[in-house]
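1. can't give you the sequence, but here's the structure:
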């Protein structure tokens, strides 16, 4: 059974480690905040200039001066700090954020990612996505395995204009999880969603990949 | 009669304008702060990270966390602000300081300045001098006309290693004041110290220069 | 040497000319100089190149200058919330240069800091790097990006003292501090002007040297995405309203 | 995930190795991590490259590491106050790279911000530019300078909260914030560690993400040039004591 949005977020939360500073993209990645294991200290960065992002405010407590990168009203927590956009992206570009969890339109087997424009459609802009994929220490993509036309989003090569090249370390889809091996060595399937078979993943994946030994046996 | 140190500082203070942000070098330039005309708002920058530098503290009020670029204890004033060295030199390099008044070992008629090293002697370092001469909007040099060997410090070409090239706008010495004309057009003598003659300046100046029309007539 | 102006109209007087480049602070509608934008619209200035992370929404923020077609070109990272922008762009009436958000922020910081160009890994191998120099440092490719300056920067801060020292509030800081440094002239609107000496010198975000003109305004401060959680619920995330 | 260490010795434990590069904050003797410098001396680590604006004085600050000959190379802008430094340098025992102070500050900021190189007008036409690329932008020459990073940064702040958010005090800020960003590991000594939530999020100078280890120390804070004015006199400047 393919993972639901909530299950995808829950799976992505397993990428977190105690003490991590993390930037979460818009959409499913935002939900990961709900699955931070109890007792684990994870600090969320918002690229519009905040470290230590709190939950949404209670109704009536919204502050127009306090939003996240998705322009949603949020709150501060005791450890929060604010800074300029230049300082925020210095933090991102300089490799000080441990992990970014992002959505994508396409990911290629060499770690290329496309998630900002579709030629012929109105382009809204890349926002901070190119900075995040180029700067953050580890980039994990969380997405549906296939697009709405049923075509694989895990590809030999991206067809859409790229956001970054060779930057993705792991791909978590509703069907499976792949590691992108270093130095262009390709993908390794390391995990299947409950009830999903190797054959189903093979049928629905355009990219080439190897299967992790343990998984092969299973 | 050559200008004294105090008279040099007083003359240099005439370079100030209301609303100016100014960086003063070590030595005679520091004394300029004593001659800011009453009613004129001049804000002093200290390149170690302060804008709005106050006078020396009263005895007993010294604060080791509050020094100027000469490492002297100073005080803050109501308009003071503190910032990092990176932000301080962004301010200097970005052309946001109106005026820097500096000492020099040599100045050339094209505006070159040498004030940081003498080959064969121990070099202490350029500190912020190269940043100041390259970044500040207007650089005025205040110095003795001759060195301790009686040789002109206003030269056709600097003999010492340079601090900056073509950066000085005005030279105020104990004998006279020169403007450095734009685009390598050379020096113009615009002012004599009280009792100093054109002949005396001519005898003691190695650089070529023209004499301002009014001064010629006098 | 007064920096304080009575209203936004006089604060912009003599500063605007057709074809000029304007930097405008803010992220989304958060921390935008909304009253100075309105004054810029009322000034009638045309052919603007506007450097701003976003383009406002229809009828508010920079959307006001789009409605009147005063903007010829935008340099932004994301312009998703503006239908009039979309219309003008698709009709070829508006030029658009997309910069990655961090590259945009750094270009502005560089412009204000006297740095004409720098190298960044952001955008290497993408459309953003096309036509730009790419150079390898320590085994990794970086693209050269240039500094940005503007004829005028309009900035929103929370408080200022009479000498122009600025303090920003929460995430309304965003692009405002760098833009204050990169304008040939910088005009700032604030919610409160306090006497000199009221602000702690260690807490000042933007020193007064960067501020040419200052005006106290009342801001509407619209919220773009009002998201809340239920008082009963304990979950970290909530629902979009 | 505790960042707090009991003393400077344990705060450096496992971080030092011969030949390593260390950034050390401060300007003159103001805002230097004096207790961490002493711990570095006591660690016995050798062959250090030290990036610091100054080199301390004989027997205090970085002068302590010079006395024991633990420093092989300094990258600084000014080293005038240290006789042992002078002796070692003239004897060829110590390598020295001078950087203009603003270039040094920006190289460290760039290193922390993921910028491998940038252009500056500072030093063009001087010894500083020799062997470096010079390029013309908009009619002016600029020299290319590279970013700096260190294996370890030692930093002095005033206060920290338990998550490593830092606040500096007056001109003791200087090089400390950038160095905190440019160390592969950053260890910070502070005068006071306060509970999380005690610092205003708008007043934090260095966010905790940059701080790996934190130790509370008592600082001597020597004054290099004690200058005062007389209580009777009203003049702006005073006398050196």
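-> Done, it's in. Bear in mind the structure is a predicted one, so any value in this text is a computation, not a measurement.
2. in chain A, what residue lies closest to chain C?
-> For chain A and chain C, the shortest gap (Cβ to the nearest Cβ) falls at residue A:89, measuring 2.9 Å. Every C-beta, even on glycine, is put in place using the N, C-alpha and C of the backbone.
3. run a quick neighbour tally on that residue.
-> Counted with other Cβ atoms under 10 Å in any protein chain shown, residues neighbouring residue A:89 total 28.
4. for it, helix, strand, or coil?
-> For residue A:89, the assignment made with DSSP: H, G, I helix; E, B strand; the rest coil gives helix.
5. assess the claim that it and residue C:105 are in contact.
-> Yes - using Cβ atoms under 8 Å, residue A:89 makes contact with residue C:105 at a distance of 5.1 Å.
6. now do the shared contacts for those two.
-> Overlap of the contact sets of residue A:89 and residue C:105 (by Cβ atoms under 8 Å, 6 or more residues apart in numbering or on different chains) is empty.
7. give me the below-cutoff pLDDT ranges for the chain.
-> Just so you know, I chose chain A. Applying pLDDT under 70 to chain A flags the ranges A:217-218.
8. other chain: chain C
-> Those would be C:1, C:232-241, if you go by pLDDT under 70 across chain C.
9. looking at chain A, which residue lies furthest from center?
-> Here the centre of chain A is the reference, and by Cα atoms, centre = their mean the most remote residue is residue A:60, at 31.1 Å.
10. Three-state assignment for that residue, please.
-> Going by three-state DSSP: residue A:60 is coil.
11. can you check residue A:178 too?
-> What three-state DSSP gives for residue A:178 is strand.
12. was I right about it contacting residue A:201?
-> No - Residue A:178 is beyond contact range of residue A:201, at 9.2 Å (criterion: Cβ under 8 Å).
13. can you list residues touching both of the two?
-> Contact criterion Cβ under 8 Å, 6+ apart; residues shared by residue A:178 and residue A:201: residue A:189.
14. between those two, which is the more surrounded one?
-> Set residue A:178 next to residue A:201 and count neighbours by other Cβ under 10 Å: residue A:178 wins out with 27 against 22.
15. I'd like to know how far that one sits from residue D:213.
-> Distance, residue A:178 to residue D:213, by Cβ to Cβ, to the nearest Å: 36 Å.
16. quick one, helices of chain A?
-> Counting by DSSP state H, chain A has helices at residues A:5-13, A:28-31, A:85-93, A:129-135, A:198-204, A:213-217.
17. wait, residue A:134 sits on residue A:167?
-> Yes - using Cβ under 8 Å, residue A:134 makes contact with residue A:167 at a distance of 6.4 Å.
18. spatially nearest residue to residue A:164, not counting backbone neighbours?
-> residue A:133 (3.6 Å; Cβ to Cβ, 6 or more residues apart in numbering or on different chains).
19. the one you found: neighbouring residues, count only.
-> Residue A:133: 31 surrounding residues under other Cβ under 10 Å.
20. check residue A:182 too.
-> Residue A:182 has 9 nearby residues by other Cβ under 10 Å.
21. which residues does it contact?
-> If you count contacts by Cβ under 8 Å, 6+ apart, residue A:182 has none.
22. now do residue C:111
-> The neighbourhood of residue C:111, defined by Cβ under 8 Å, 6+ apart, consists of B:94, C:147-150, C:181-182.
23. please apply the same query to residue C:51.
-> C:21-24, C:74-76, C:104, C:108, C:148, C:150, C:179.
24. same check, this time on residue A:77
-> Each residue near residue A:77 by Cβ under 8 Å, 6+ apart is listed here: A:52-54.
25. recalculate using a threshold of 7 Å.
-> When contacts are counted by Cβ atoms under 7 Å, 6 or more residues apart in numbering or on different chains, residue A:77 touches A:52, A:54.
26. likewise for residue C:187?
-> For residue C:187, the contacting residues are C:11-12, C:36, C:152, C:154, C:212-213, by Cβ under 7 Å, 6+ apart.
27. can you put the residues you listed in a markdown table and add neighbour count, distance to chain B and secondary structure?
-> A markdown table is the format used below for the contacts of residue C:187 (neighbours: other Cβ atoms under 10 Å in any protein chain shown; distance: Cβ to the nearest Cβ, whole Å; DSSP: H, G, I helix; E, B strand; the rest coil):
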| residue | neighbour count | distance to chain B | secondary structure |
| --- | --- | --- | --- |
| C:11 | 23 | 17 | helix |
| C:12 | 22 | 19 | helix |
| C:36 | 27 | 21 | helix |
| C:152 | 24 | 16 | strand |
| C:154 | 34 | 18 | strand |
| C:212 | 20 | 10 | coil |
| C:213 | 22 | 12 | strand |
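28. what two of those residues have the greatest distance between them?
-> The most widely separated members of the contacts of residue C:187, counting by Cβ to Cβ, are C:36 and C:212 (12.7 Å).
29. coming back round to it: shouldn't the residue nearest to residue A:164 be in contact with residue A:165?
-> No - between residue A:133 and residue A:165 there is no contact under Cβ atoms under 7 Å: 8.9 Å.
30. number of nearby residues for residue A:1?
-> By other Cβ under 10 Å, 10 other residues sit near residue A:1.
31. look up how far chain A lies from residue C:177.
-> Distance of residue C:177 to chain A, given as Cβ to the nearest Cβ, to the nearest Å: 5 Å.
32. over to residue C:129?
-> From residue C:129 across to chain A, the span is 10 Å (Cβ to the nearest Cβ).
33. for that residue, which non-adjacent residue is closest in space?
-> The shortest distance from residue C:129 to any non-neighbouring residue, by Cβ to Cβ, 6+ apart, is to residue C:143 (4.4 Å).
34. just residue C:202 next, same as before
-> Closest residue to residue C:202 apart from its sequence neighbours, by Cβ to Cβ, 6+ apart: residue B:82 at 5.5 Å.
35. the one you found touches residue D:169, doesn't it?
-> No - taking contacts as Cβ under 7 Å, residue B:82 lies outside contact range of residue D:169: 8.3 Å.
36. ok, residue A:177 touching residue A:191?
-> Yes - under the criterion of Cβ under 7 Å, residue A:177 makes contact with residue A:191 at 3.8 Å.
37. for chain A, which residues are neighbours of chain D?
-> Proximity of chain A to chain D, by Cβ under 7 Å from any Cβ of the partner chain, involves residues A:18-19, A:21, A:41, A:51, A:76, A:78-83, A:90-91, A:93-96, A:135.
38. same thing but 10 Å
-> Proximity of chain A to chain D (Cβ under 10 Å from any Cβ of the partner chain) is limited to residues A:17-21, A:40-43, A:45, A:50-52, A:66, A:76-83, A:86-98, A:131, A:134-135.
39. spatially, what comes nearest to residue A:27 if we skip its sequence neighbours?
-> Spatially, and ignoring its direct neighbours in sequence, residue A:27 is nearest to residue A:103 (4.8 Å; Cβ to Cβ, 6+ apart).
40. any idea how far the residue farthest from the centre of chain A is from residue A:76?
-> Plainly put, residue A:60 is 16 Å away from residue A:76 if you go by Cβ to Cβ.
41. what's the neighbour count on the residue lying closest to residue C:79 once chain neighbours are set aside?
-> Nearest residue to residue C:79 in three dimensions, chain neighbours excluded: residue C:55, at 4.4 Å (Cβ to Cβ, 6+ apart). By other Cβ under 10 Å, the residues close to residue C:55 number 28.
42. quick check: residue C:55 is in a strand.
-> No - assessed with three-state DSSP, residue C:55 is coil; it does not lie in a strand.
43. just checking, it touches residue C:73?
-> No - counting by Cβ atoms under 10 Å, residue C:55 does not reach residue C:73; the two are 11.4 Å apart.
44. any common contacting residues for the two?
-> Contact with both residue C:55 and residue C:73 is made by residues C:94, C:96, according to Cβ atoms under 10 Å, 6 or more residues apart in numbering or on different chains.
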